[in-house]
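> I would like the atomic coordinates for the input below:
(chains A, B, C and D)
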Protein chains: 2
Amino acid sequence: MTIRLLLADDHPVVRAGLRAVLDTEADFAVVAEAATAERAVELAAGEPVDVVLMDLQFGPGMHGSEATALITARPGAPRVLVLTTYDTDADILAAVEAGASGYLLKDAPPEELAAAVRTAAAGQSALAPAVALRLMDRMRMPAEALTKRELEVLQLVADGLSNQQISKQLFLSQATVKSHLVHVYAKLGVESRTAAVAAAATRRLIRTP
Amino acid sequence: MTIRLLLADDHPVVRAGLRAVLDTEADFAVVAEAATAERAVELAAGEPVDVVLMDLQFGPGMHGSEATALITARPGAPRVLVLTTYDTDADILAAVEAGASGYLLKDAPPEELAAAVRTAAAGQSALAPAVALRLMDRMRMPAEALTKRELEVLQLVADGLSNQQISKQLFLSQATVKSHLVHVYAKLGVESRTAAVAAAATRRLIRTP
DNA sequence: CGGTACATCAAACTTTCGGTTGACCGGGGC
DNA sequence: GCCCCGGTCAACCGAAAGTTTGATGTACCG
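Residues are numbered from 1 along each chain as shown, chains lettered A, B, ... in the order given. Modelled structure (predicted):
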């Protein structure tokens, strides 16, 4: 039985690469490509597709995790395999919560890619070993696990925003922002916002361009 | 006459995509692929190649700009076209200084890519319009260059150190540290240490683990 | 049902940081 | 020689960050 694939990536070169790598597999058929997240949602609803290969970062417009949530929300939806360049815990968490069946890095070897597609098509979870390991660590060590809200605040700190700017952006009081940061400092074992950003960056909890 | 190409990128998918896109051109021939910068330097010296398509970010090990410098330093060297995902001023500058004949983004359409390869093979400069514009701005505004000492202080800020810790580590007074940071803020157009770190990180001025 | 975790907010307090002003010195260029 | 720039430092003040204590509501779970 043929596995029908939808490729969603804003880079023409990457789409061509995925097509080249996956079309060599006899049981795969790339039936559509999308250059934007919006287009991916449309195509996933219109075309009969088994697995969507979804990038997270598109240029302007919808984010890949949003598109993933929209696609997987429908009954009889295709499986979504998230395929991204850089991995941060926040990205992985967002993708998994959005209903992704798997999470892979673009530097994965072709065999691993094909295996993940088959696993996803079979309805199973397909997390990269490194990714799965990270999630296990997270389960084992809940002492340093930041909550979604704490991660959200910390990401804005890393973007250079002050407590006041963060409070306005998230519709909170400064007291709440400070409260979250106090918890973040305790969990990361640091004493200042810049140290927290540095610690979170080395542990890949946040995105640093 | 056939243009012989060497693809240097750590992502198998991207290499496959470039090969798929470029092999459709009758006068192109991909003669080698390298998954690391070191391997690219070796191959560029050994194989007869006309144009190298060079990624900047490889995983651990040599950076793409270093490899570019090593390749172009040899007499009769191939042209190097830098091809990267994100464009920062520091990246572009480093690539041009390393002797790159052109600088393209990976989200470029295939036609643009092929045109750039032909331009580079002909020995001409092939800078993306947006990139060329940025370089012109840079020439006009050299004001944003940080001094060595300022970068040194900023790097320690990014590592999470306080002004006092920095002053001790560099054998300075806190006043001097502040003084340097004030200059950094002015040059980067920001108003706080965390914003400076964020701005410097996006411009690749500092190391973020 | 009760406990726990998360998110929210308040107020007062201390410390640090940010920004200003002003100053000194050494080196390189006109 | 003189001036500009980079690096160094000081004193000061207001603003921001961080600390402490304490409180509320809500959701989930055993």
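> drop to CA atoms for contacts and neighbour counts, all remaining ones
Noted.
> got the buried residues for the longest helix seen in chain A?
In chain A, assigned by DSSP state H, the helix with the most residues is helix A:174-188. Of all the residues in helix A:174-188, those buried under the rule 16 or more other C-alpha atoms under 10 Å in any protein chain shown are A:174, A:177, A:180-182, A:184-185, A:188.
> Past the helix or strand of chain A with the lowest mean pLDDT, which element shows up next along the chain?
For chain A, using mean pLDDT, DSSP states H and E, the weakest element among its helices and strands is helix A:129-140, scoring a mean of 50. Using DSSP states H and E, the next helix or strand after helix A:129-140 towards the C-terminus is helix A:148-158.
> and chain A, which residues reach DNA strand C?
Selection of chain A residues close to DNA strand C by C-alpha under 7 Å from any atom of the strand yields A:147-150, A:171-173, A:175-176, A:179-180.
> filter those down to the ones near DNA strand D?
Restricting these to contacts with DNA strand D (C-alpha under 7 Å from any atom of the strand) yields A:175, A:179.
> which one of the residues of chain A next to DNA strand C sits closest to A:Ala120?
A:Lys148 (26.1 Å; C-alpha to C-alpha).
> so where is chain A shaky, pLDDT-wise?
A:86-91, A:93, A:97, A:126-145, A:208-209 (pLDDT under 70).
> so where do the helices sit in it?
Using DSSP H, helices in chain A cover A:12-23, A:37-46, A:64-73, A:89-97, A:110-121, A:129-140, A:148-158, A:163-169, A:174-188, A:193-202.
> okay, those in a markdown table with distance to B:Leu18 next?
As requested, the helices of chain A are exported to a markdown table (distance: least, C-alpha to C-alpha, whole Å):
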| stretch | distance to B:Leu18 |
| --- | --- |
| helix A:12-23 | 6 |
| helix A:37-46 | 22 |
| helix A:64-73 | 23 |
| helix A:89-97 | 27 |
| helix A:110-121 | 15 |
| helix A:129-140 | 27 |
| helix A:148-158 | 34 |
| helix A:163-169 | 41 |
| helix A:174-188 | 42 |
| helix A:193-202 | 31 |
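> Please see if stretch A:111-119 touches chain B.
No - residues of stretch A:111-119 are not located near chain B by C-alpha under 8 Å from any C-alpha of the partner chain, the shortest gap being 9.6 Å.
> got the buried residues for that stretch?
Quick answer for stretch A:111-119 (16+ other C-alpha under 10 Å): A:113-114, A:116-119.
> and chain A, which residues reach DNA strand D?
So far as C-alpha under 7 Å from any atom of the strand goes, chain A lies against DNA strand D at A:161-164, A:175, A:178-179, A:181-182, A:185, A:191-194.
> Can you tell me which of those residues comes closest to A:Ala108?
The closest of the residues of chain A next to DNA strand D, once distances to A:Ala108 are taken by C-alpha to C-alpha, is A:Thr194, at 32.6 Å.
> does any part of the longest helix of chain A sit near chain B?
No - Helix A:174-188 lies out of reach of chain B by C-alpha under 8 Å from any C-alpha, never closer than 12.0 Å.
> neighbouring contacts of that helix?
A:143-146, A:149-150, A:153-154, A:163-164, A:166-167, A:191-193, A:196, A:199-200 (C-alpha atoms under 8 Å, 6 or more residues apart in numbering or on different chains).
> Any idea how far it is from the middle of the chain?
Per C-alpha atoms, centre = their mean, to the nearest Å, the displacement of helix A:174-188 from the mean C-alpha position of its chain is 25 Å.
> near chain B, which residues of chain A?
A:10-21, A:106-110, A:157-161, A:192-199, A:201-202, A:208-209.
> Give the buried subset of those residues as a PyMOL selection command.
Remark: buried members of the residues of chain A next to chain B, expressed as a PyMOL selection using 16+ other C-alpha under 10 Å:
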select buried, chain A and resi 10+11+12+13+14+15+16+17+18+19+20+21+106+107+108+110+157+158+159+160+161+192+193+194+195+196+197+198+199+201+208
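> before we move on, back to that, among the buried residues of helix A:174-188, which one lies nearest to B:Pro75?
Nearest to B:Pro75 among these, with distances taken as C-alpha to C-alpha, is A:Leu188, at 51.9 Å.
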